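Enquirer: quick check, what structure comes out for this input:
(one chain, ligands or ions: 1)
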Amino acid sequence: MNNKIALYCRQGFEKECASEITDKASQKEIFGFARVKENSGYVLFECYEAGNADRLAKEIPFSELIFARQMIVVGDLLKDLPADDRITPVVAALKTQIERAGEVRVEVPDTNESKELLNFCRKFTVPLRNALRQEKILLAKENLKRPVIHVFFIAPGCCYTGYSYSTNNSTFYMGIPRLKFPSDAPSRSTLKLEEAFHVFIPHDEWEERLASGMKAVDLGACPGGWTYQLVKRSMMVHAVDNGPMAQSLMDTGQVRHHRLDGFKFQPLVNNITWLVCDMVEKPAKVAALMTEWLVQGWCREAIFNLKLPMKKRYEEVSHILNKMEIQLKENGINSRIQAKQLYHDREEVTVHVQRIWAAAPKRD
Ligand SMILES: C[S@@+](CC[C@H](N)C(=O)[O-])C[C@H]1O[C@@H](n2cnc3c(N)ncnc32)[C@H](O)[C@@H]1O
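Expert: Numbers count the residues shown, from 1 in each chain. Now for the predicted structure:
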């Protein structure tokens, strides 16, 4: 019981998610094996030693997992739940796993096949919540500091039960922030940058780090979905792209369009806070450009996409990020790097780098 970790991921990225958890668990000397069912939208990692799944859920910082949308400790699969009473066996299983949880989420993998199951989950949640409260497995009032109960249905009448730690999980249902497409945005990819803000920047820091009046540069900006997010936060944006920008953005007076190559563009001012970049290019080339901006001190924070290669996608991305970290350190830059395959990302991951401080330049 309770010796597995279930990780939710984008459908088709199970292998990457499995390679990543196996790698990151072994760095903590926790060993086990990952079960991968292609296109299932999740991965199970079974630990060899008792208690280790719980350790992983506490010790692997969730924010450091690139391909996982959620990380939960689960027990054995509950199969053939009786249609007339699914609650009793689910509550019985949870009773052995967790006490005084703060919240319950009934979830499914993010696949087309699971869509119908999701309707069932919605209906099942209220009676389950009541039953869990009666048994004191769940606190009477929602408590965001206590662990979260997850009931993860992978097929009708078939689920894993378990929990995540609220200090080390995704706060979103199914690990997916629900965002509404703003009808006046020039492209759907606007949601990618909005999601990145939600995932990478704690809400209580938005006022300070995404403040009005800040200066930003958007490389590969057209037609302007990412610029839209910056403009919406009252920033002044240098949009770099040979293509046309949406007139509605130009009309705001907050955007200056530079018809230039994003790899050659250099800022003329030194007070830029945000660099964002969505150019479709080789990931190593984009990462090198971002490193250059951060080392030169041309921006304080950067958000950019890395298009994934066809093979060894986890290995390639972690290699690129490691290299970036080393280069920033070698140049005296203390930074925080986070990367995630966001819900709105397809064959790519989104990276955020915050330049925390830079060592004073050496004098000769
Ligand atoms: C995926 S689109 C960007 C979409 C944009 N983020 C949005 O939300 O509307 C990629 C853009 O990068 C631009 N691009 C590609 N290579 C570039 C380069 N070397 N310099 C400037 N722009 C480039 C393309 O012209 C294209 O408009």
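Enquirer: which helix is the longest one in this protein?
Expert: For the chain, the helix that runs over the most residues, judged by DSSP state H, is helix 115-134.
Enquirer: partners of the very next helix or strand once past it, with directions?
Expert: Using DSSP states H and E, the helix or strand that follows helix 115-134 in sequence is strand 148-155. Strand pairing for strand 148-155, using DSSP bridges, gives strand 103-107 (parallel), strand 158-164 (antiparallel).
Enquirer: just to revisit the earlier point, who touches the longest helix of the chain?
Expert: Residues external to helix 115-134 that are found in contact with it (Cβ atoms under 8 Å, 6 or more residues apart in numbering): 86-87, 90-91, 94, 101, 104-108, 138-140, 149, 151, 153, 155-156. (Glycine included, C-beta is placed from N, CA and C.)
Enquirer: so how do I select the buried members of the residues you listed in ChimeraX?
Expert: Buried residues within the contacts of helix 115-134, by 16 or more other Cβ atoms under 10 Å, are selected in ChimeraX with:
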select :86,90,91,94,101,104,105,106,107,108,138,149,151,153
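Enquirer: and the longest helix of the chain, how far out from the chain's middle?
Expert: The chain centre lies 25 Å from the centre of helix 115-134; the measure is Cα atoms, centre = their mean, to the nearest Å.
Enquirer: residue boundaries of the helices in the protein?
Expert: Shown for the chain, the helices assigned by DSSP H span residues 14-27, 52-59, 87-95, 115-134, 190-200, 206-209, 225-232, 247-250, 283-296, 313-330.
Enquirer: now the third one against strand 103-107, angle please.
Expert: What it means is helix 87-95. Interaxial angle of helix 87-95 relative to strand 103-107 (axes from the mean of the first three to the mean of the last three Cα atoms, to 10 degrees): 120 degrees.
Enquirer: can you tell me which of the helices of the chain is nearest to the ligand?
Expert: Across those, the ligand has its closest neighbour in helix 225-232 (2.4 Å, Cβ to the nearest ligand atom).
Enquirer: just to revisit the earlier point, out of the helices of the chain, which one sits most buried?
Expert: helix 225-232 (a mean of 26; mean count of other Cβ atoms under 10 Å).
Enquirer: that helix to helix 190-200, inter-axis angle?
Expert: Going by the same axes, to 10 degrees, helix 225-232 is angled at 60 degrees with respect to helix 190-200.
Enquirer: hmm, helix 225-232 in reach of the ligand?
Expert: Yes: Helix 225-232 reaches the ligand (Cβ under 6 Å from any ligand atom) through 225, 226.
Enquirer: what does the stretch 251-364 of the chain have sitting close to the ligand?
Expert: Taking Cβ under 6 Å from any ligand atom as the contact definition, the stretch 251-364 of the chain meets the ligand at 261, 262, 263, 278, 279, 280.
Enquirer: can you add distance to residue 348 and mean pLDDT and give the strands paired with strand 148-155 back as CSV?
Expert: Below are the strands paired with strand 148-155 laid out as CSV (distance: least, Cβ to Cβ, whole Å; pLDDT from 0 to 100):
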stretch, distance to residue 348, mean pLDDT
strand 103-107, 24, 98
strand 158-164, 26, 98
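Enquirer: of all those, which lies closest to residue 25?
Expert: Evaluated over the strands paired with strand 148-155, closeness to residue 25 peaks at strand 158-164, with 16.1 Å, by Cβ to Cβ.
Enquirer: what sits up against that closest one?
Expert: With contact meaning Cβ under 8 Å, 6+ apart, strand 158-164 is reached by 2, 4, 6, 57, 70-75, 77-81, 90, 93-94, 97-98, 101, 147-154.
Enquirer: repeat that with 7 Å
Expert: Strand 158-164 has contacts (Cβ atoms under 7 Å, 6 or more residues apart in numbering) with 6, 57, 70-75, 77-79, 90, 93-94, 97-98, 101, 147-153.
Enquirer: list the buried ones in stretch 34-47?
Expert: Neighbour-count burial for stretch 34-47 [16+ other Cβ under 10 Å]: 34, 36, 40, 41, 42, 43, 44, 45, 47.
Enquirer: now do the contacts for the last one.
Expert: Contacts for residue 47 were tallied using Cβ under 7 Å, 6+ apart; they are 3, 30, 32, 53.
Enquirer: circling back: got a markdown table for the strands paired with strand 148-155, with distance to residue 333 too?
Expert: Converted to a markdown table, the strands paired with strand 148-155 look like this (distance: least, Cβ to Cβ, whole Å):
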| stretch | distance to residue 333 |
| --- | --- |
| strand 103-107 | 38 |
| strand 158-164 | 33 |
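Enquirer: sketch out the low-pLDDT regions of the stretch 1-150 of the chain for me.
Expert: Applying pLDDT under 70 to the stretch 1-150 of the chain flags the ranges 1.
Enquirer: nearest to the ligand within it, name that residue for me.
Expert: Taking Cβ to the nearest ligand atom as the measure, the stretch 1-150 of the chain has residue 10 as its residue closest to the ligand, at 18.3 Å.
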